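> 3D model of this:
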Amino acid sequence: MLQAIWHFLEASFVYLASLLFIGLVFLFIYDRFIQRKHQLLINYPVIGRFRYLFELLREPLRQYFAEESFFESRDKVDWVYKAAKNKPNYVSFSVSQPFPESRFVLKHAQGGVLNDDEVSDDMTVTFGAARRIPFVSKTPIVRSAMSDGALSPEATRAFTLGAKLSDLTYNIGEGGLTSNHLYTYKPDPEKDEFLEIIEGTPFAKRVFKIVDKLFNRAYAIKAYRRILLKGIRTANTYIYDDATQVLFRVDWSAPLEAFPKEVPGSIPNLVFQMSSGLYGVRDEHGKFDPERYRKVMSFCRMTEIKLAQGAKQTGGKLAGSKVTADIAYYRGVPEGKDLFAPNRFPYADTIDHLLDFIGELQELSGKPVGVKIVVSDMKRTEELVAEAAKRKAAGKPMPDFISVDSGDGGSATAPLEMMESVGLTLFNALYILDSALRKYGLRDDIKIIASGKILTPDDVAITLAMGADAVGIARGFMMSGGCIRARMCSGFGTHQCPVGMATQNPRLRASYLVVRKGHEIANYHRNLVKGLRTLLAIMGKRHLSELSRKDLTFKNSTGELYFDVDDYFKQKLHA
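Residues are numbered from 1 along each chain as shown. From the prediction side, this is the model:
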């Protein structure tokens, strides 16, 4: 018996080796004598192809073999992954690589150190206190804007679940409110007149039960949806509810009166981002639709107008490969075509026009409205703030918050020439904005959300001490949701996100574990807040509001220390 198996394996090996040899001979002939696309392969047929293989593997494998060069250290990246899995997050002996020579340092309280339980549990931040319906964020952490479409439906659902589980404030990105942002909603088929509801049939329910038992819940829902929505191209826009076994999505043609008067408690705290494309709130001509906006705001706590993003100051870009029937349905655009939003927000040709539009949105929703900007010049930032101060004095509308994004921020799709060449880095931009608001007496009126390469609790604490009221985090939450930083997010080219997070490829998406990753996203958020409280304790701060620039020291690359960081910035910015 063993001898027969050995002979079979031996014969198979010879057969496969012969096929491989013949294949390499044909490839040699093709590379040397036929193809005329790659000159390297003419001189080095076959072996030259290793260059392309290594080039293909360079990005996915870089982080495993090279030193961390983007964030401060590999330890910070490891912290995110451990926090997401809720593992003990301690480091032995030393950090794996030295931190940058120039950096901010948090000041220790010496004799005034507190125990963790002496720090207030109140981590709330209130936006739009003057609005009819202010928004109270449960923590100073915001998941920065990432759109459904740029992300897969499964990833968006995981973020929705994670945000609901941990009271995370969740910016939905410029792609509009989609069914996936309502993943945790509990529909009432008898009362929810604003929903399109598909009732399950006995046959569909039996199939669901069988597939669920034999395989898993994801396959069962897929089979259930396929039976009930056969022939509907936008079938994936319907969400399955476990309690009622119905499929549902929002019926945007329903009258405004049918929509919730208050944000449903079963969904997370959502921030609606409005971009230059007006996705999700545009009419059939691409213009702003006030009634649709009011319907959307039935589910969202506040609005952020996106004027610019750190990694790109152009309009948003979505590859045609990502504009599926579902995404086209959500955004009101043609399917399968590259989607490039205009560079300029349509109601921001002047500062006055922008602030008037902010006032219109505040009136329509009764909720806070702010803007997202990139700072690259002190004068232009002051012009915006000065105009807001004039309008305050005249009783006219102004923003409730300003989101400032670092010039070295990230994006799934951005022009290389803009990624780190337009806009200041986070702390420089934040200092300029915070100082301008103080100069014009608006610091108590306008909150600041700051974002850019924030991963760990110390990043959060330093940013808050620098003047931010809240921080936006994108990449940290992506990693907590399973991102391996393969840098294949855009959808342009042949490579796609290997973990199914930032792709619309059905095969890759099918591997994404929504519920598990939702819990890991929630763990990361909770551990950020937990770590922040520990830092407050050793700094002697009983409440988040006590943080200020006085709690920071700056050490530059020459070893000089600035115990008053205002002195450092005044010297640096020539202010």
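
> dump the residue contacts of His38.
By C-beta atoms under 8 Å, 6 or more residues apart in numbering, the contact set of His38 is 31, 48. For every residue, glycine as well, the C-beta is placed using N, CA and C.

> Span of stretch 467-486 from start to end?
Across stretch 467-486, the terminal residues are separated by 33 Å (C-alpha to C-alpha, to the nearest Å).

> Oops, could you answer that again for stretch 167-186 instead?
Note: stretch 167-186 ends 17 Å apart using C-alpha to C-alpha.

> gap between that stretch and the chain center?
Centre-to-centre, stretch 167-186 and its host chain are 12 Å apart (C-alpha atoms, centre = their mean, to the nearest Å).

> As a check, name the ranges of all strands in the stretch 301-450 of the chain.
302-306, 317-318, 339-340, 369-373, 401-405, 447-451 (DSSP state E, counting those that start in this stretch).

> which stretch among the ones you listed comes nearest Val529?
With C-beta to C-beta as the criterion, Val529 lies closest to strand 447-451 of these, at 16.1 Å.

> Okay, now the sheet partners of the closest one, with direction.
If you go by DSSP bridges, strand 447-451 pairs up with strand 401-405 (parallel), strand 470-473 (parallel).

> before we move on, the earlier item: most tightly surrounded among the strands of the stretch 301-450 of the chain?
Counting by mean count of other C-beta atoms under 10 Å, strand 401-405 has the highest mean neighbour count of these, with a mean of 27.

> Give me the neighbour count for Gln571.
A total of 10 residues lie near Gln571 under the criterion other C-beta atoms under 10 Å.

> where's it, which helix or strand?
helix 565-573 (DSSP states H and E).

> Which neighbouring elements make contact with that helix?
If contacts are counted by 3 or more C-beta pairs under 8 Å, 6 or more residues apart in numbering; DSSP states H and E, helix 565-573 sits against helix 426-439, strand 552-555.

> most neighbours per residue, which of these?
Using mean count of other C-beta under 10 Å, the stretch among these with the largest mean neighbour count is helix 426-439, at a mean of 21.

> From the rest of the structure, what touches it?
104, 374-375, 378, 381-382, 385, 402, 404-408, 423-424, 443, 446, 448, 450-454, 463, 466-468, 569, 572-573, 575.

> Could you give me the PyMOL syntax to select whichever of these are buried?
In PyMOL, this line selects whichever of those come out buried by 16 or more other C-beta atoms under 10 Å:
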select buried, resi 104+374+375+378+381+382+385+402+404+405+406+407+408+423+424+443+446+448+450+451+452+453+454+463+466+467+468+569
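
> Could you pull out the helices in the stretch 151-300 of the chain for me?
153-166, 202-214, 217-228, 290-296 (DSSP state H, counting those that start in this stretch).

> which one of those helices has the most crowded surroundings?
Taking mean count of other C-beta under 10 Å, helix 153-166 is the most buried of these, at a mean of 25.

> how far out from the middle of the chain is that helix?
Offset of helix 153-166 from its chain centre (C-alpha atoms, centre = their mean): 11 Å.

> Kindly check the end-to-end length of stretch 469-483 for me.
27 Å.

> Now do the buried residues in that stretch.
For stretch 469-483, burial by neighbour count (16+ other C-beta under 10 Å) applies to 469-483.

> tell me which of the residues you listed is nearest to Leu544?
In terms of C-beta to C-beta, no member of the buried residues of stretch 469-483 lies closer to Leu544 than Asp469, at 9.1 Å.

> Helices of the stretch 401-550 of the chain, start to end?
416-419, 426-439, 457-465, 475-480, 506-509, 514-538.

> So what touches the fourth one?
Looking back up the chat, that one is helix 475-480. The contact list for helix 475-480, computed with C-beta under 8 Å, 6+ apart, reads 77, 80-81, 83-84, 143-144, 146, 159, 162, 410, 453-456, 483, 485, 501, 520-521, 523-525, 528.

> again, but for the third one
Residues outside helix 457-465 that contact it (C-beta under 8 Å, 6+ apart) are 76, 104, 106, 140-141, 426-427, 430, 450, 453-454, 470-471, 527-528, 530-532, 534-536, 539, 544, 547-549, 551-552.

> and it, how far from the chain's centre?
With C-alpha atoms, centre = their mean, you get 19 Å for helix 457-465.

> buried stuff in that helix?
457-465.

> picking up where we left off before, what would the strands of the stretch 301-450 of the chain look like in CSV with distance to Phe26 and mean pLDDT?
Supplementary listing: those in CSV, determined by distance: least, C-beta to C-beta, whole Å; pLDDT from 0 to 100:
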stretch, distance to Phe26, mean pLDDT
strand 302-306, 53, 97
strand 317-318, 40, 82
strand 339-340, 42, 84
strand 369-373, 55, 96
strand 401-405, 52, 96
strand 447-451, 53, 97
